[in-house]
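> missing the sequence, but the structure's below:
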């Protein structure tokens with residue numbers, strides 16, 4: 001059983017979406033957590049946009065990285081440059097991966113424009129999580 005941590009700045013959008021997809025793709029092969037270097041609460045638009053794709057993250061909570069120091073992670077994935085740069089020393093031997101996804105919470109304009117930004121980022125995160133699962137989780141079982 002692998003332990004995966006997805007880390008972002010506020011644990012409100014990108015890390016929440018990635019947690020949802022990793023739980024979906026990894027199924028029972030991994031325990032997935034997400035956290036932030038700060039906590040901003042789960043963004044309602046992230047919940048809505050994931051529901052469009054059949055992934056329910058409505059029960060997720062926004063957690064701080066300090067809550068997970070005692071967990072022996074196999075993988076720590078940072079999903080924004082800010083989290084990668086601001087992440088305090090994290091005592092782990094985990095494989096550290098990084099991908100800087102755009103922040104959909106910074107989108108402006110009409111509600112439809114903002115939601116399209118969320119959909120665009122969701123698509124990127126979904127592809128990344130699917131590839132990660134194939135490369136690091138399912139491949140090791142073969």
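Great, that's in hand. Source: prediction; values computed, not measured.

> worst-scoring helix or strand of this protein, pLDDT-wise?
helix 81-86 (a mean of 68; mean pLDDT, DSSP states H and E).

> I'd like to know which elements the helix or strand following that helix is packed against.
Sequence order places strand 95-98 as the next helix or strand after helix 81-86, per DSSP states H and E. Strand 95-98 sits against strand 75-78, with contacts defined as 3 or more CB pairs under 8 Å, 6 or more residues apart in numbering; DSSP states H and E. Heads up, the C-betas are built off the backbone N, CA and C, glycines and all.

> What strands line up against the strand it packs on, and which way round?
strand 2-8 (parallel), strand 95-98 (parallel) (DSSP bridges).

> between those, which gets nearest to residue 63?
strand 2-8 (9.9 Å; CB to CB).

> What residues sit buried inside the closest one?
3-8 (16 or more other CB atoms under 10 Å).

> Greatest separation within these: which pair is it?
3 and 8 (17.5 Å).

> Quick check: mean pLDDT of the helix or strand harbouring residue 129?
Using DSSP H and E, residue 129 sits in helix 111-132. Helix 111-132 shows a mean pLDDT of 98.

> Give the other helices and strands that that helix contacts.
helix 14-26, helix 44-52.

> Could you check how many residues crowd around the closest residue to residue 65 other than its chain neighbours?
Take residue 65 and drop its neighbours on the chain: the residue closest to it by CB to CB, 6 or more residues apart in numbering is residue 35, 4.4 Å away. For residue 35, the count of nearby residues is 26 (other CB atoms under 10 Å).
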